[in-house]
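> let's see this in three dimensions:
(2 chains)
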Amino acid sequence: EPEVTQTPSHQVTQMGQEVILRCVPISNHLYFYWYRQILGQKVEFLVSFYNNEISEKSEIFDDQFSVERPDGSNFTLKIRSTKLEDSAMYFCASRDSGGTDTQYFGPGTRLTVL
Amino acid sequence: QQQVKQSPQSLIVQKGGISIINCAYENTAFDYFPWYQQFPGKGPALLIAIRPDVSEKKEGRFTISFNKSAKQFSLHIMDSQPGDSATYFCAATGANNLFFGTGTRLTVIP
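Numbers count the residues shown, from 1 in each chain, chains lettered A, B, ... in the order given. Have a look, this model is predicted:
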């Protein structure tokens, strides 16, 4: 069964450093998402991406964040200058365009900012 | 503004019992309501979903009940098993991104 994959599974970084979180969505999917889950809290929407551009973003997704689809398979989330409060699980999700709203989530990347 | 409210925060059920988790939403533009199951250290996995044109959907031991007029929906897990112990999130969407509830940690005691 196709699945969303994410790398790395755990990223530790120093405050102020840049990090790039990588995702490989399901191959025939056209809508891509990033969500964040702070430990013990609910999953929060960050950004959605379709047709090589951001289609929607939340207030969490400020100028420190960017997304990119550098090739036909990868989808990345970049945090330019990490803050302590960026420590969270980051989930990538994707869905196809066949009329279904189902989003499939990856296993997540745990980001720890020291 | 909390788009989706979920209760209870935690739930303990005996093996074989029924687990019930409730959610309420505000935005009448929402038209798709999935439930996700999450195990520790894993991503949310779609469990079951419903659209507002039906009042109930059943898949195996899992049933969603939907009340459009009350803007409420619930997940029922019949014959709960220890393997069902996980965190359950309801969610809602109208066009694009998902709005998640705060989650319910279910523990099924053998």
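
> use CA for all of it now, contacts and neighbours both
OK.

> low-scoring pLDDT stretches of chain A, where are they?
A:98-100 (pLDDT under 70).

> mind doing that once more with 50?
For chain A, no stretch has pLDDT under 50.

> same deal with chain B?
Counting by pLDDT under 50, not a single residue of chain B qualifies.

> for the closest residue to chain A within it, which non-adjacent residue is spatially closest?
Residue nearest to chain A within chain B: residue B:43 (4.3 Å; C-alpha to the nearest C-alpha). The shortest distance from residue B:43 to any residue other than its chain neighbours is 4.3 Å, reached at residue A:107 (C-alpha to C-alpha, 6 or more residues apart in numbering or on different chains).

> give me every residue that touches the residue of chain A found nearest chain B.
Distance from chain B to each residue of chain A (C-alpha to the nearest C-alpha) is smallest for residue A:107, at 4.3 Å. Shown in contact with residue A:107 (C-alpha atoms under 8 Å, 6 or more residues apart in numbering or on different chains): A:4-6, A:9, A:91, B:41-44.

> try it again at 7 Å.
Residues near residue A:107 by C-alpha atoms under 7 Å, 6 or more residues apart in numbering or on different chains: A:5-6, A:91, B:42-43.

> mind putting those in CSV, neighbour count included?
CSV is the format used below for the contacts of residue A:107 (neighbours: other C-alpha atoms under 10 Å in any protein chain shown):
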residue, neighbour count
A:5, 21
A:6, 24
A:91, 30
B:42, 15
B:43, 24
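
> which of the residues you listed lies closest to residue A:33?
Distance to residue A:33 across these (C-alpha to C-alpha) is lowest for residue A:91, with 8.1 Å.

> return the distance of the host helix or strand of that closest one from the chain's centre.
In this assignment (DSSP states H and E), residue A:91 forms part of strand A:88-95. Chain-centre distance of strand A:88-95: 5 Å, with C-alpha atoms, centre = their mean, to the nearest Å.

> next secondary structure after it?
Downstream of strand A:88-95, the first helix or strand assigned by DSSP H and E is strand A:104-105.

> partners of the next helix or strand after that following strand, with directions?
Note on strand A:104-105: by DSSP H and E, the next helix or strand toward the C-terminus is strand A:109-113. Paired strands of strand A:109-113, with direction, are strand A:10-13 (parallel), strand A:88-95 (antiparallel) (DSSP bridges).

> mind checking what helix or strand follows the shortest one in sequence?
To tie it back to what came earlier, the one meant is strand A:10-13. Going down the chain from strand A:10-13, the next helix or strand is strand A:19-24, by DSSP H and E.
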